[in-house]
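In: Give me a model of this one.
(one chain, ligands or ions: 1)
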Amino acid sequence: AQYEHILTSRPAEGVALITLNRPKALNALSTPLFIELNDAVANFDHDDDVRALVLTGSERVFAAGADIKEMKDKRYSDVFKNKFLESWSLLTQIRKPIIAAVSGYALGGGCELAMMCDIILASPSAVFGQPEINIGVIPGGGGTQRLARAIGKSRTMELTLTGRNFTAAEAADWGLISRVSENVLEDAISVASTIASKGAIAVQAGKEAVNVAYETTLHEGLRYERRIFHGLFATNDQKEGMSAFAEKRKPTWTHS
Ligand code: HXC
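Out: Residues are numbered from 1 along each chain as shown. Predicted coordinates:
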């Protein structure tokens, strides 16, 4: 598909790359951009040749937030009636893992978009923040909730109420991201490649199980995990994986 605000490519076997591409607006997340992003993500989620996704911006900016110029004149009745932002989290509904490779600014909706991904890697230059308080609002794309779960209440309160930015090093210390990487895009593609080299059903089951940890009690989460684990014994990849181990050879996944 041909897009105006994003680029798509296949940088490695089994891997799809989506690049936010509104350089003049610092990748500000407009409605048209999100329509394209959702379309690309849905297409890759349905494409059997793709087993992991990477989402990135440019060196300078991952995304500087929701498009403030687009939001400026909206009234409560507009945002309520049009369910403003509701479709922005479609990304979290996909089966395949998605890795955010963050360089430069990831502010407001940009930080929230990164947090909607399954894994975040950041370059040393990355600057995260939820600066919405500075423009008279609060995070609206999950910032208060996902940040609180990831880094705790006190830090989330401080960041949300002061609007101060935080560094890649802080994000790594606090456990918001996996790690800081000098070659963040290359690294993200490499992680995605590794994931894509596994059996796709197990990968997607693993993602689903981890996500349940954020939604339910430990007891229910453990039950859920066990059920999914049991279910994998119905797959060809389980037979192949365990046979290959016993026979001292590499498994050939059929993703079935
Ligand atoms: C619209 C934006 C924008 C944004 C930058 N631009 N951020 N346009 N929405 N969020 C535009 C600028 O207006 C400018 O356009 C061009 O991009 C370059 O930006 P500059 O400010 O000149 O660049 P710089 O001085 O390098 O400063 C970079 C910056 C700053 C620190 C990232 O742009 C900034 O503070 N941006 C806003 C960050 C923010 O508040 N984000 C939260 C948004 S609210 P022109 O036309 O002048 O060249 C939000 C709500 C979340 O995200 C809702 C849920 C998803």
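In: isn't Ser197 right up against Gly14?
Out: Yes: between Ser197 and Gly14 there is a contact under Cβ atoms under 8 Å: 7.1 Å. Bear in mind the C-beta positions are built from the backbone N, C-alpha and C, glycine included.
In: Comparing those two, which residue is more hemmed in?
Out: Per other Cβ atoms under 10 Å, whichever of Ser197 and Gly14 has more neighbours is Gly14, with 20 against 16.
In: Name the nearest residue to that one, sequence neighbours excluded.
Out: Excluding the flanking residues, the one nearest Gly14 by Cβ to Cβ, 6 or more residues apart in numbering is Ala196, at 2.9 Å.
In: Count the neighbours of that neighbour for me.
Out: Number of residues near Ala196 (other Cβ under 10 Å) recorded here: 22.
In: Kindly provide the distance from it to the ligand.
Out: 28 Å (Cβ to the nearest ligand atom, to the nearest Å).
In: For the helix or strand hosting Ser154, buried residues please.
Out: Assigned by DSSP states H and E, Ser154 falls within helix 153-162. Using 16 or more other Cβ atoms under 10 Å as the test for burial, helix 153-162 gives Arg155, Thr156, Leu159, Thr160.
In: ok so, going back, so the residue nearest to Gly14 sits right up against Ala52, yeah?
Out: Yes: shown here, Ala196 and Ala52 form a contact pair, counting by Cβ under 8 Å, at 4.7 Å.
In: so what sits against both of these two?
Out: Common neighbours of Ala196 and Ala52 are listed as Gly14, Val15 (criterion: Cβ atoms under 8 Å, 6 or more residues apart in numbering).
In: Could you tell me the phi and psi values at the residue positioned nearest the centre of the chain?
Out: Residue closest to the mean C-alpha point of the chain, counted by Cα atoms, centre = their mean, is Cys117 at 1.1 Å. In terms of degrees, to the nearest 10, the main-chain angles of Cys117 are phi -80, psi 170.
In: Check the one 4 residues further on too.
Out: Backbone dihedrals for Leu121, given as degrees, to the nearest 10, come out at phi -120, psi 140.
In: From the ligand, how far off is Lys198?
Out: Taking Cβ to the nearest ligand atom, one finds Lys198 at 32 Å from the ligand.
In: and the residue nearest to Gly129 when sequence neighbours are not counted, how many residues sit next to it?
Out: Nearest residue to Gly129 in three dimensions, chain neighbours excluded: Asn165, at 3.7 Å (Cβ to Cβ, 6+ apart). Per other Cβ under 10 Å, the neighbour tally for Asn165 reads 17.
In: re earlier: next secondary structure after the helix holding Ser154?
Out: Immediately after helix 153-162, counting by DSSP H and E, sits strand 165-167.
In: mean confidence score for that next one?
Out: The average of the pLDDT scores along strand 165-167 is 98.
In: And the contacts of it?
Out: Leu107, Ala126, Val127, Phe128, Gly129, Pro131, Leu159.
In: now the buried residues of helix 153-162 as a markdown table including pLDDT?
Out: Shown next, in a markdown table, are the buried residues of helix 153-162 (pLDDT from 0 to 100):
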| residue | pLDDT |
| --- | --- |
| Arg155 | 98 |
| Thr156 | 98 |
| Leu159 | 98 |
| Thr160 | 98 |
